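Student: kindly return the folded structure for what I paste below:
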Amino acid sequence: MSSTAIRYLTMLRMVPRYPKSITTTELAQRLEEHDFSVTMRSIQRDLEKLSTDFPLMVDESARPFRWSFDREASMDIIPALDLPAALTFELAKAYLTPMLPPRALSHLEPHFNEAHRALSRDRNPLGQWPNRVRVINRGLGGRRPDIDADVLETVTEALLREYQCKLTYQARSWPEPEEIRVHPYGLIFRDPNVYLIGTIEGREGVRQLVLHRATTGEIVEEPVDRPDDFDLDLYIHSGAMGILKSDKPVFLKLRCDKPALNHLIESPLGLDQLVTEDDDQTFELSVTVGDTQDLRWWLTAQAVHCDILEPNWLREEITKTLVEGLERMEGLSDRRLRKQG
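Tutor: Residues are numbered from 1 along each chain as shown. Take a look at the predicted model:
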């Protein structure tokens with residue numbers, strides 16, 4: 001293949017899909033990084049030539065001109081998807097559709113369409129895959145809060161480019177929305193919410209910003225002030241996403257019923273989990289977990305299937321919660337009987 005053809009392919013890969021765009025100046029700089037030394041006038045001529053065969057768009061309202069692929073452009077210029085890749089896109093569509101705003105998903109629509117075509121080609125039985133796979137989430141299945149598409153695009157771009165961003169945000173405890181400047185560290189999808197993890201300029205500590213509470217977003221082209229030792233996985237394993245009650249981890253020891261809690265053997269509660277078989281009916285489990293509200297909710301819900309052997313203070317706390325709940329239920333029954341009488 002000639003060097004010109006390679007340059008054309010390289011250039012096409014650099015042009016984003018509308019509404020994103022790239023200037024001829026930016027293309028010249030990026031081509032230089034790939035050892036292609038060409039003038040902006042040559043790039044302009046190349047793009048004009050390529051636009052006769054590819055769905056390229058140009059915005060001539062300002063100089064330098066801005067180029068982009070048509071929003072609905074197919075993916076014909078990339079290699080055909082093989083079956084594993086096509087199945088991956090189908091699964092991604094099934095999982096992401098309930099989580100992301102329609103506009104965010106629209107950027108992936110050409111990939112989804114190409115995947116569907118690949119699975120349907122030549123009456124491939126895998127073409128029925130979308131009709132035979134569903135993604136459901138555990139829990140009560142309430143409606144997910146709507147996230148502003150502009151906010152999501154701003155946050156993801158800030159993360160990828162390691163830039164700061166401004167958000168108009170209202171936390172539950174704030175009387176009204178505020179404009180805040182955020183140093184983003186990462187995104188966490190924790191059904192049903194999407195959390196931006198980072199710091200707010202002028203305030204201490206790592207924060208969890210729930211994206212549906214932000215109404216506007218703007219990129220700030222200044223580098224993120226991120227600690228070198230921050231690790232998103234370690235942050236999650238610390239229990240921070242479970243509403244921390246304290247920073248001190250809990251060494252938990254349980255006696256669990258089989259088969260009701262066998263899933264704990266398949267899906268450990270922590271990295272250091274150890275399981276000991278007691279008998280045909282029970283097993284013992286020890287693990288270090290975060291001291292979170294989620295831990296308390298789970299232990300309360302599983303009280304009929306597990307004994308809290310350690311720590312004593314947590315067993316007493318869960319017992320108190322269960323007793324208060326029982327008293328409340330019995331009190332409701334008594335009030336109803338009195339009304340009926």
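Student: contacts and neighbour counts: CA atoms only from here.
Tutor: Fine.
Student: quick one: T199 and A149, what's the gap?
Tutor: From T199 across to A149, the span is 22 Å (Cα to Cα, to the nearest Å).
Student: so those two - more neighbours on which side?
Tutor: Comparing T199 with A149 by other Cα atoms under 10 Å, the one with more neighbours is T199, at 23 against 19.
Student: hmm, the more buried one is touching V224, no?
Tutor: No: taking contacts as Cα atoms under 8 Å, T199 lies outside contact range of V224: 9.6 Å.
Student: shared neighbours of the two, anything?
Tutor: Both T199 and V224 are in contact with 183-184, where contact means Cα atoms under 8 Å, 6 or more residues apart in numbering.
Student: and the closest residue to S51 other than its chain neighbours, what element?
Tutor: Sequence neighbours aside, M57 is the residue nearest to S51 in space, at 7.5 Å (criterion: Cα to Cα, 6 or more residues apart in numbering). Using DSSP states H and E, M57 falls within strand 56-59.
Student: who touches that strand?
Tutor: The contact list for strand 56-59 (Cα under 8 Å, 6+ apart) reads 47, 50-51, 65-70.
Student: top of those residues by number of neighbours, please.
Tutor: Using other Cα under 10 Å as the neighbour criterion, W67 leads the contacts of strand 56-59 with 25 neighbours.
Student: OK, contacts around that one?
Tutor: 15-16, 21-24, 56-59.
Student: what of R255?
Tutor: R255 touches 282-285, 306-309, counting by Cα under 8 Å, 6+ apart.
Student: that one - that's part of a helix, no?
Tutor: No: looking at R255 with DSSP: H, G, I helix; E, B strand; the rest coil, it is strand, so not inside a helix.
Student: what helix or strand does the closest residue to it other than its chain neighbours sit in?
Tutor: In space, R255 comes closest to E284 once its chain neighbours are excluded; the distance is 4.4 Å by Cα to Cα, 6+ apart. For E284, the enclosing helix or strand under DSSP H and E is strand 282-289.
Student: got a list of contacts for that strand?
Tutor: 237-239, 249-258, 269-278.
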